[in-house]
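[1] No letters, just coordinates:
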């Protein structure tokens, strides 16, 4: 039997409604949107309709949305694209210490290109401090990039407040919203951001598709050259099938946001209270309220995360951010939050989703308790 | 009613077998291949690695880890050129290519030029074939890359890959080819042909859009284009598009399996179309090489007829009057201009791209349409009238031109 999937922050299944919307694009509707004939025009219309759905979810105009191959490419385009386009105006990028590798590595690349990088610290719950941002800004600062919600601990950053500080100094603001879109409300006007990345496969759309919101008036240097697709900002034949999937996923995310939030929170809290009632020496990392409703980052003191997971055949969860789980090390996020080693080493991220059931949670609680109790002898 | 599709250079439908292969990854098998701690991730990883082997087999690569998965051939072309360019210690060095390359190559090369690199467009003849002597003469001490496509998307001309590779390697220069149009339609073997890097597209070989690959010969390191979690040996970050990759793998397997049989069938169909056009319509000009061309491609200029008007008139058949990527603009095709086709004839051109779904009956139907509509459109053309009366016809007739040297 397949294990209970509690790793929705790593990736999500494709929603059956999304799969159904994609089906025609696996067969009949196969045109290249650049073609001027019937096949091309149908494909083009589908792409534009999906773009409107993404825009509606984020509260922006359709022409402010660029499709990419995923969240990583969107982050690369936003940060490199902005910094390299505005090189003549400055040389300074500010990020936080808990960013996804697709932001961290881009910052490293830019450092090698001669940019100055400031990495803002976070507190014990993973929050960036507005005061630290204020102090880090200088005359050469071009861009601030702070993620909306953290993939490991789920902490929701005070983006509106941070972005307002940047805006007052005429500094552009980017947020990686890959984890927040579909789990909490994400509106670009409320967040006051200039650039926002999202990833399809974190919101029940397929892998291989993402989008970047680019506020009107913000100019970027294109990163993938070729023909003039995506308003000249991203060349390459559109991934029509998955764009349609992303559009549908965004429509569902907007429609069902409240119900999904309530459900995820209930499942996540049931998991935590089930474990807390039966196990000692566990600790919830992050903030209990300002946290994604589906994420539970839990430390089991003195245990080793991989030892727990390898005994836990009934549950699929993650010992760190999935993207860099090949190497055994304390995740940079937990390090940045200064989680003590005795706790950090035994940290597991459980993330629930729309499809998670109470019965699954109860079975997971039983299995986790069994493994942890056995390991503690 | 749905038109007959004859624009297989722009894109191809997903093959039924490919669709079947993709379905589990659109439904039950949704793991992230990077999730190494659980079975969902491991199933996805296994599917990706299987596809990588299928892709390697298509081009006869010796190791599957020579295949880097991308979001499509445009990204592959960008990664090949920029990935090698940014490996240079400083932004200096020389790239040789030709003027009929896909926009993904031309635009990237022009971008690199702005960054300090030099680019030479080697001469091509009136058929679009590279001039090998000129290629040799264009090589400089700092040339690090020659990139020449396997076959052209508009005029179907096939390039002498082995000769180009040999010239490159004699000087220790790497050879990249954008093989998007050639794969599944011609036999490509990276070892035999001496190819160091090769771009692949899913949606041109009956796989899905949004997925492609770059073959990178063992030992060659590229600077990544997309930074992040270090996927694809650090050369391309981003969660892998598992359904797309599984689809591309299957499409590659089928392309290899059916190559000989399908090429022969397409060649027969193409010759039926060619003979039909040349016997039933006068004043036509074949663009591209008469023999050394893709089995599924024809490109004709119909004098005194606007390509766009003819396309509209024959709207029961989906055709192209230029490369799909540029057909939205009113500019005549840069490929036709580069091989010296006069502007008027370039605007009169139609590209025929045959594929798996096409039959002899469809070819015959198209021929009826072409004959009827070319005649009708020419009846409305005063120029045609003049030409028929013997006025200055030579101005509009085909003459072989020198390529445009950029």
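    Good, I have the coordinates. Keep in mind that this is a model prediction, so the values were computed, not measured.
[2] ok, for residue B:209, nearest residue in space, not its chain neighbours?
    Among residues not flanking residue B:209 along the chain, residue B:203 sits closest, at 4.1 Å (Cβ to Cβ, 6 or more residues apart in numbering or on different chains). Where you see a C-beta, it was placed from the backbone N, CA and C, and this is true even at glycine.
[3] repeat for residue A:229
    Counting by Cβ to Cβ, 6+ apart, the residue nearest residue A:229 is residue A:235, at 5.3 Å.
[4] Surely the one you found and residue B:104 touch.
    Yes: Residue A:235 is within contact range of residue B:104, at 6.2 Å (criterion: Cβ atoms under 8 Å).
[5] shared neighbours of these two, which are they?
    A:225-227, B:74, B:78 (Cβ atoms under 8 Å, 6 or more residues apart in numbering or on different chains).
[6] Out of those residues, which one has the lowest pLDDT?
    Comparing pLDDT over the shared contacts of residue A:235 and residue B:104, the lowest score belongs to residue A:227 (90).
[7] gap between that one and residue B:108?
    Per Cβ to Cβ, to the nearest Å, residue A:227 is found 11 Å from residue B:108.
[8] With residue A:101 instead?
    25 Å.
[9] Between the two, tell me which one has more neighbours.
    Taking neighbours as other Cβ atoms under 10 Å in any protein chain shown, residue A:101 and residue B:108 compare with residue B:108 leading, 28 against 20.
[10] Could you give the separation of the helix or strand harbouring that one from the chain centroid?
    If you go by DSSP states H and E, residue B:108 is part of helix B:103-114. On the basis of Cα atoms, centre = their mean, to the nearest Å, helix B:103-114 sits 17 Å off its chain's mean C-alpha point.
[11] Could you do stretch A:98-118 as well?
    On Cα atoms, centre = their mean, the centre of stretch A:98-118 falls 18 Å from that of its chain.
[12] so how far is the first residue of it from its last?
    End-to-end span of stretch A:98-118 (Cα to Cα, to the nearest Å): 13 Å.
[13] which residues in the stretch 1-150 of chain A form helices?
    Ranges of helices within the stretch 1-150 of chain A are A:16-22, A:38-58, A:71-85, A:101-112, A:130-136, based on DSSP state H, counting those that start in this stretch.
[14] Ok, the stretch 251-400 of chain B next?
    According to DSSP H, counting those that start in this stretch, the helices that the stretch 251-400 of chain B contains are B:307-313, B:334-338, B:343-347, B:360-379, B:382-388.
[15] just checking, what packs against the fourth one?
    Okay, so that is helix B:360-379. Packing contacts for helix B:360-379, counted by 3 or more Cβ pairs under 8 Å, 6 or more residues apart in numbering or on different chains; DSSP states H and E, involve strand B:4-5, helix B:242-280, helix B:307-313, strand B:317-318.
[16] please redo it, this time with the cut-off set to 7 Å
    Counting contacts by 3 or more Cβ pairs under 7 Å, 6 or more residues apart in numbering or on different chains; DSSP states H and E, helix B:360-379 packs against helix B:242-280, helix B:307-313.
[17] so residue B:39 touches residue A:3, yeah?
    Yes: taking contacts as Cβ atoms under 7 Å, residue B:39 lies within contact range of residue A:3: 6.3 Å.
[18] Give the intersection of the neighbour lists for these two.
    Counting by Cβ atoms under 7 Å, 6 or more residues apart in numbering or on different chains, the shared contacts of residue B:39 and residue A:3 are residue A:316.
[19] These two: which is more packed in?
    residue A:3 (19 against 14).
[20] Would you map the helices across the stretch 1-150 of chain B?
    Using DSSP H, counting those that start in this stretch, helices in the stretch 1-150 of chain B cover B:16-26, B:39-58, B:73-85, B:103-114, B:132-138.
[21] Highest mean neighbour count out of those helices?
    Most buried of the helices of the stretch 1-150 of chain B by mean neighbour count (mean count of other Cβ atoms under 10 Å in any protein chain shown) is helix B:73-85; its value is a mean of 28.
[22] relative to helix A:71-85, how tilted is that one?
    50 degrees (axes from the mean of the first three to the mean of the last three Cα atoms, to 10 degrees).
[23] Chain B contacts on the stretch 151-300 of chain A?
    Contact residues, the stretch 151-300 of chain A versus chain B (Cβ under 7 Å from any Cβ of the partner chain): A:201, A:206-209, A:223-227, A:235-242.
[24] which ones among these are found in helices?
    A:240-242 (DSSP state H).
[25] Quick check: residues of the stretch 1-150 of chain A near chain B?
    Selection of the stretch 1-150 of chain A residues close to chain B by Cβ under 7 Å from any Cβ yields A:2-3, A:5, A:7, A:10-11, A:13-14, A:19, A:22, A:26-27, A:30-32, A:34-39, A:69-70, A:72-73, A:76, A:101-102, A:105-106, A:109.
[26] Residue B:267 and residue B:295 touch, don't they?
    Yes: at 4.4 Å, residue B:267 counts as touching residue B:295 under the criterion of Cβ under 7 Å.
[27] Can stretch B:244-252 be said to contact chain A?
    Yes: using Cβ under 7 Å from any Cβ, stretch B:244-252 reaches chain A at residue B:244.
[28] tell me which residues of that stretch are tucked away?
    For stretch B:244-252, the neighbour count (16 or more other Cβ atoms under 10 Å in any protein chain shown) marks B:244-252 as buried.
[29] What's opposite residue 174 in the beta bridge?
    No chain was given, so I picked chain A. Bridge pairing for residue A:174 (DSSP bridges) gives the partners residue A:145, residue A:195.
[30] You answered for a different chain; I wanted chain B.
    Taking DSSP bridges as the rule, residue B:174 bridges to residue B:145.
[31] Touching, it and residue B:145? I think so.
    Yes: with contact defined as Cβ under 7 Å, residue B:174 counts as touching residue B:145 (5.3 Å).
[32] thinking again about what came up before, what does the pLDDT read for the residue nearest to residue B:209?
    pLDDT, residue B:203: 98.
[33] Now for it, how many residues are close by?
    Residue B:203: 30 surrounding residues under other Cβ under 10 Å.
[34] Please look at it and residue B:11 and confirm they touch.
    Yes: contact criterion Cβ under 7 Å: residue B:203 and residue B:11 qualify, at 4.9 Å.
[35] Quickly list what's touching both of the two.
    A:237, B:209.
[36] hang on, the earlier thing: could the helices of the stretch 1-150 of chain B be laid out in a markdown table, adding distance to residue B:284?
    Conversion of the helices of the stretch 1-150 of chain B to a markdown table gives the following (distance: least, Cβ to Cβ, whole Å):
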| stretch | distance to residue B:284 |
| --- | --- |
| helix B:16-26 | 36 |
| helix B:39-58 | 35 |
| helix B:73-85 | 31 |
| helix B:103-114 | 27 |
| helix B:132-138 | 30 |
